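K.L.:
sequence unknown, structure follows:
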Ligand code: HEM
């Protein structure tokens with residue numbers, strides 16, 4: 001026994017040396033990790049604010065090629081570029097690559113949101129959300145969504161000479177999500193939740209210093225209060241469902257509460273409901289508001305594109321009687337307008353990129369991505385690739401006329417694979433209806449230049465102020 005033990009003790013170091021040798025035989029990607037902790041984070045954030053992040057990445061790719069190492073937000077990172085790399089990141093098994101969230105964001109959004117879940121748990125919660133976010137379910141929401149948009153225009157656009165688009169679109173998309181997904185109608189409860197959300201999101205991306213009076217501390221406090229409100233709302237909806245015969249399809253929360261296992265127990269825990277409501281609010285309202293805002297900017301700068309959109313929307317408006325709502329069929333006719341949205345997302349993606357984490361040593365493209373390192377993908381580099389999109393700086397919605405001609409993993413505005421955005425259809429509906437009303441009811445002129453910065457979402461100069469005029473009804 002003791003001989004066996006001694007032999008084992010002698011062999012272990014030899015094994016460790018062999019494993020280390022094997023690992024170092026694979027090269028780390030080129031590039032530098034920069035200064036400890038800081039790495040290249042400040043330089044990238046600065047470039048994002050100055051809207052030169054694409055150039056920043058381009059310089060890297062020219063210097064090191066499509067695979068390089070750097071250090072971002074305190075973690076050693078491998079940056080991968082190109083459709084093949086996107087496919088590798090989006091479709092690799094979750095036992096090799098997992099989602100990687102910054103800890104400070106996890107503290108705000110909770111540890112049971114989709115961003116934190118992996119494997120079967122991710123599939124279970126995502127499938128539950130998709131039950132409500134799939135087109136078949138959303139079809140019934142078109143009228144309710146349109147009502148929110150009409151009310152918003154009456155309150156904030158009609159009778160005005162100038163508006164600032166980005167903050168207004170944030171209010172609109174927040175109200176749409178509150179009403180459609182969470183059944184929170186206009187009133188003091190919604191206003192309170194809006195306030196908490198603004199506070200929560202205002203500090204979510206700030207320096208994570210959890211001290212009194214910091215933005216991050218206020219964000220955490222707001223998240224806690226919002227979570228309490230949501231728990232109360234979930235209890236009320238549970239009673240509505242169990243005792244008052246509410247429909248499971250009423251909103252996302254009733255839908256989640258209605259999913260039961262064989263023992264008639266809820267399949268989504270209350271923690272998962274609360275954390276995913278926070279995530280959907282955050283992921284859903286900022287992104288869509290940015291898309292609609294930049295669509296208006298492109299429509300101002302591209303008169304031919306504007307004419308095509310106007311014609312498509314007026315043709316639909318002419319078939320409607322005064323006061324009648326748009327239908328699902330009307331939305332399916334807005335093909336050109338959706339191409340404009342896709343081209344807007346290609347040129348100014350709300351999500352610049354995101355992170356994953358290597359769960360094992362991975363060999364990719366001849367290099368080693370060590371276990372525990374971050375993997376970073378960025379959409380603008382793919383979207384501005386001359387080989388995929390000729391004349392990439394030209395705004396041309398017709399690129400998306402034949403979707404099948406876009407090579408796989410070359411349009412990544414909504415990500416890809418099992419973590420692809422589950423809110424695409426929701427975003428499509430709210431964008432199309434909002435643009436329908438804006439182009440058929442108003443004309444506008446830009447009051448600022450067309451520059452933007454990233455924070456980390458794109459923000460147009462001065463929030464995109466427009467001088468507006470109301471049109472006569474068709
Ligand atoms: C123009 C609008 C939108 C854009 C551009 C967008 C973009 C994205 C992207 C790129 C991802 C993947 C991130 C990654 O792979 O790391 C994502 C994920 C996600 N999006 Fe969206 N999104 C939009 C609207 C929405 C809406 C309206 C909702 C909700 C109703 C939503 C909910 C989510 C959720 C929950 C995830 C996480 C999915 C998962 O991890 O499985 N998004 N989105």
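P.N.:
Great, that's in hand. Values in this document were obtained by computation on a predicted structure and should not be read as measured data. Numbers count the residues shown, from 1 in each chain.
K.L.:
now whichever strand or helix holds residue 195: buried residues?
P.N.:
Element membership for residue 195 (DSSP states H and E) is helix 188-204. Buried residues in helix 188-204, defined by neighbour count with 16 or more other C-beta atoms under 10 Å: 190, 193-194, 196-197, 199-201, 203-204. Heads up, the C-betas are built off the backbone N, CA and C, glycines and all.
K.L.:
and the helix or strand just after that helix, what does it pack onto?
P.N.:
Sequence-wise, the next helix or strand downstream of helix 188-204 (DSSP H and E) is helix 215-243. Using 3 or more C-beta pairs under 8 Å, 6 or more residues apart in numbering; DSSP states H and E, the elements in contact with helix 215-243 are helix 103-109, helix 188-204, helix 252-258, helix 270-301.
K.L.:
at 6 Å what do you get?
P.N.:
helix 188-204, helix 252-258, helix 270-301 (3 or more C-beta pairs under 6 Å, 6 or more residues apart in numbering; DSSP states H and E).
K.L.:
for the ligand, see how far away the residue nearest the centre of the chain is.
P.N.:
Residue closest to the mean C-alpha point of the chain, counted by C-alpha atoms, centre = their mean, is residue 283 at 4.7 Å. Residue 283 sits 4 Å away from the ligand, going by C-beta to the nearest ligand atom, to the nearest Å.
K.L.:
name the nearest residue to that residue, sequence neighbours excluded.
P.N.:
Leaving out its chain neighbours, the residue that sits closest to residue 283 by C-beta to C-beta, 6 or more residues apart in numbering is residue 423, at 6.7 Å.
K.L.:
before we move on, back to that, so can I have CSV of the helices and strands packed on helix 215-243 showing mean pLDDT?
P.N.:
Shown next, in CSV, are the helices and strands packed on helix 215-243 (pLDDT from 0 to 100):
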stretch, mean pLDDT
helix 188-204, 90
helix 252-258, 94
helix 270-301, 96
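K.L.:
among those helices, which is nearest residue 110?
P.N.:
Between residue 110 and those, the tightest spacing by C-beta to C-beta is seen for helix 270-301, at 3.2 Å.
K.L.:
now the element after the closest one, going C-ward?
P.N.:
helix 303-318.
K.L.:
which of the residues in that following helix are buried?
P.N.:
Neighbour counts using 16+ other C-beta under 10 Å place 305-306, 308-310, 312-313, 316-317 of helix 303-318 among the buried residues.
K.L.:
now, which of the residues you listed sits nearest the ligand?
P.N.:
residue 309 (17.1 Å; C-beta to the nearest ligand atom).
K.L.:
isn't that closest one right up against residue 337?
P.N.:
Yes: Residue 309 is within contact range of residue 337, at 5.3 Å (criterion: C-beta atoms under 6 Å).
K.L.:
can you list residues touching both of the two?
P.N.:
Both residue 309 and residue 337 lack any common contact, where contact means C-beta atoms under 6 Å, 6 or more residues apart in numbering.
K.L.:
helix/strand/coil for residue 390?
P.N.:
Following DSSP: H, G, I helix; E, B strand; the rest coil, the label given to residue 390 is coil.
K.L.:
count of neighbours near it?
P.N.:
If you count neighbours by other C-beta atoms under 10 Å, residue 390 ends up with 10.
K.L.:
same check, this time on the one 3 residues further on
P.N.:
Summarising burial for residue 393: neighbours were counted as other C-beta under 10 Å, giving 8.
K.L.:
can you give me the pLDDT of whichever residue of the stretch 351-474 of the chain sits closest to the ligand?
P.N.:
Nearest to the ligand, among the residues of the stretch 351-474 of the chain, is residue 423, at 2.1 Å (C-beta to the nearest ligand atom). pLDDT recorded at residue 423 is 97.
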